[in-house]
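Undergrad: what would the 3D arrangement of this be:
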Amino acid sequence: MIAFEPFEKIRGAFLGRAAGEVSEEFFELKQIHSDRIILLRHFQDAKNNAGAEADAVICSAWGIPIAVRSADCVPILIGHPQRVIAALHAGWRGTLAEILPKTLRKMREEFKLDLGEVRLAIGPAICKNCYEVGPEVAAAFREKSEAGCLTPRNDGKFLLDLKSANRVQALALGLNPEQIEVREECTRCAEQDFFSYRGSLARGETATGRNYSWVMISP
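TA: Modelled structure (predicted):
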């Protein structure tokens with residue numbers, strides 16, 4: 001378990017195979033690799049939106065542990081000292097759709113926040129040495145001016161650094177490097193600690209578990 005405690009009264013964690021150690025009942029989305037964002041201001045909002053199709057959730061209500069699931073994609077947790085939090089899931093599609101900057105902008109617009117006070121953590125995900133993509137995905141990232149996150153291979157395929165791509169987007173929005181934590185753990189390299197979709201696929205397994213990443217505001 002990797003703790004995320006950016007401010008007083010805000011706590012969370014990136015969980016791998018240790019997810020069973022947590023007793024909180026998470027608010028979860030039906031993740032669809034999109035840029036859709038759900039906003040929770042009250043407890044009733046959580047009841048009304050549980051299982052909604054989206055990949056990011058912003059919350060200003062205390063006592064609601066919001067969570068996303070991942071198994072190679074990038075989980076991101078966000079906290080602001082005015083007690084606003086967010087959790088989001090960024091695969092390559094969500095990253096191309098700029099789900100992270102869109103979430104940060106929505107936090108700013110809805111709550112009049114200063115993004116210079118935000119703290120965010122880019123959690124354990126597949127690393128740049130393990131994430132192979134085809135030329136179509138690589139071309140899409142080039143169009144977004146994020147070619148620096150790509151490493152070409154001799155076979156015409158590419159290695160993609162999804163963590164770096166999301167960090168670059170946050171910096172482009174005006175965040176400073178010290179506001180952003182990037183975890184080095186790779187879900188594919190460290191399968192003893194994390195679930196990896198590509199790792200399971202390589203072993204011929206038809207299913208894999210999910211890593212939970214959560215954050216909440218304490219009363």
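Undergrad: please pull out the lowest mean pLDDT helix or strand from the protein.
TA: The weakest-scoring helix or strand in the chain, judged by mean pLDDT, DSSP states H and E, is helix 197-202 (a mean of 90).
Undergrad: so for that one, what gets flagged as buried?
TA: By 16 or more other Cβ atoms under 10 Å, the buried positions in helix 197-202 come out as 197-200. No exception for glycine: its C-beta is placed from N, CA and C like everyone else's.
Undergrad: same check, this time on stretch 210-219
TA: For stretch 210-219, by 16+ other Cβ under 10 Å, it's 210-217.
Undergrad: residues contacting the nearest residue to N176 once chain neighbours are set aside?
TA: Once flanking residues are discounted, N176 sits nearest to G116: 7.3 Å by Cβ to Cβ, 6 or more residues apart in numbering. Applying Cβ atoms under 8 Å, 6 or more residues apart in numbering to G116 gives the contacts 174-176, 179.
Undergrad: need the three-state assignment for the residue nearest the centre of the chain.
TA: The residue lying closest to the centre of the chain (Cα atoms, centre = their mean) is P75, at 2.3 Å. Judged by DSSP: H, G, I helix; E, B strand; the rest coil, the three-state class of P75 is strand.
Undergrad: and the helices in the protein?
TA: Taking DSSP state H, the helices of the chain run over residues 43-49, 92-96, 99-111, 135-143, 162-172, 197-202.
Undergrad: all strands for the protein, in order.
TA: Assigned by DSSP state E, the chain shows strands spanning 2-7, 10-14, 37-40, 56-59, 66-70, 74-80, 84-90, 119-122, 132-133, 150-152, 158-160, 180-182, 211-217.
Undergrad: where does pLDDT dip in the chain?
TA: Residue ranges of the chain with pLDDT under 70: 18-24.
Undergrad: neighbours around G79, how many?
TA: Neighbour count for G79, taken as other Cβ atoms under 10 Å: 24.
Undergrad: I85 and S218: what is the separation?
TA: Distance, I85 to S218, by Cβ to Cβ, to the nearest Å: 11 Å.
Undergrad: same thing with A207?
TA: From A207 to S218 the distance is 35 Å (Cβ to Cβ).
Undergrad: repeat for D193
TA: D193 is 26 Å from S218, by Cβ to Cβ.
Undergrad: repeat for E184
TA: 28 Å.
Undergrad: got it, and I76?
TA: Counting by Cβ to Cβ, the separation of I76 from S218 is 20 Å.
Undergrad: any idea how far apart the tips of stretch 163-181 sit?
TA: By Cα to Cα, to the nearest Å, the extent of stretch 163-181 from end to end equals 10 Å.
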